[in-house]
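Trainee: This is the structure alone, sequence omitted:
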């Protein structure tokens with residue numbers, strides 16, 4: 001479990017970015033696959049989620065997960081929340097204690113946000129689509145409506161695919177340039193191949209929202225030595241599926 005230097009100092013908070021180590025799954029899902037949407041044995045995934053829950057806190061309730069769809073939709077979980085069906089969204093916001101909220105990734109970036117005055121947290125799943133559609137703006141704006149202040153917020157960008165392993169096509173770049181010509185700075189060319197810097201793009205979105213306290217966990221999920229699940233690496237190895245990494249945050 002990897003922790004943010006900024007968040008681990010906060011006593012009322014538990015959090016962690018988990019890689020693929022320490023679970024019950026086997027074969028291509030070895031071993032801490034937390035993706036119930038994968039083709040892995042469901043029982044093993046549930047055991048893995050229980051391992052994560054206990055690692056976060058023995059007082060933690062069941063981990064609140066969403067059906068991620070690469071959107072800009074989020075769900076707010078307060079004391080009145082009682083929906084039984086897993087919501088289709090890509091971010092969770094809550095003010096509830098002992099409720100661990102989490103997102104699953106396999107190259108996309110997990111983002112954890114905390115407001116230290118009104119004790120509100122958010123977990124965001126942000127691939128290029130979510131970031132492009134403004135999920136970060138939406139979550140921050142909602143938190144502000146609920147009384148959070150930018151000066152009290154800390155955002156952490158978790159492990160995700162590095163720019164050197166995120167090759168894209170020219171039409172992908174044009175989509176970003178069309179939205180904002182300044183977006184060219186998130187792309188680089190190396191040996192006539194085009195690459196996208198997802199982490200830099202996300203950090204820029206956080207800065208555009210005037211969040212000053214930002215931490216980035218600079219770990220490349222594509223690099224096998226880091227022991228994270230990676231959709232791109234699975235595709236390269238011609239696997240028919242891949243495990244999911246879990247990133248989690250909870251108020252004590």
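Mentor: That came through, no problem. Everything quoted here is computed from the prediction, not taken from an experiment.

Trainee: By neighbour count, which bits of stretch 47-62 are buried? Give me those.
Mentor: Within stretch 47-62, the residues scored as buried using 16 or more other CB atoms under 10 Å are 48-49, 51-53, 55-56, 60. For the C-beta atoms, the positions are set from N, CA and C on the backbone; glycine is no exception.

Trainee: again with stretch 203-212
Mentor: By 16+ other CB under 10 Å, the buried positions in stretch 203-212 come out as 203-206, 209, 211.

Trainee: In space, what's closest to residue 57 - neighbours in sequence excluded?
Mentor: residue 14 (5.2 Å; CB to CB, 6 or more residues apart in numbering).

Trainee: centroid residue for the protein?
Mentor: residue 110 (1.5 Å; CA atoms, centre = their mean).

Trainee: So which other helices or strands are in contact with the host helix or strand of that residue?
Mentor: Assignment of secondary structure by DSSP states H and E places residue 110 within strand 109-115. Secondary-structure packing of strand 109-115 (3 or more CB pairs under 8 Å, 6 or more residues apart in numbering; DSSP states H and E): strand 13-17, strand 120-126, helix 135-145, strand 153-157, helix 198-208, strand 245-251.

Trainee: Show me how far the first one is from its chain's centre.
Mentor: I take that to be strand 13-17. 12 Å (CA atoms, centre = their mean, to the nearest Å).

Trainee: The last one too?
Mentor: Going by CA atoms, centre = their mean, the spacing between the C-alpha centre of strand 245-251 and its chain's C-alpha centre is 9 Å.

Trainee: for it, what is the average pLDDT?
Mentor: For strand 245-251, the mean pLDDT works out to 98.

Trainee: what angle sits between it and strand 109-115?
Mentor: If you take axes from the mean of the first three to the mean of the last three CA atoms, to 10 degrees, strand 245-251 sits at 0 degrees to strand 109-115.

Trainee: From residue 50, how far out is the residue nearest to residue 57?
Mentor: Distance from residue 14 to residue 50, counting by CB to CB, to the nearest Å: 16 Å.

Trainee: what does residue 240 give?
Mentor: Separation of residue 240 from residue 50 (CB to CB): 26 Å.

Trainee: what's the answer for residue 88, then?
Mentor: 24 Å.

Trainee: Thank you kindly, that will do.
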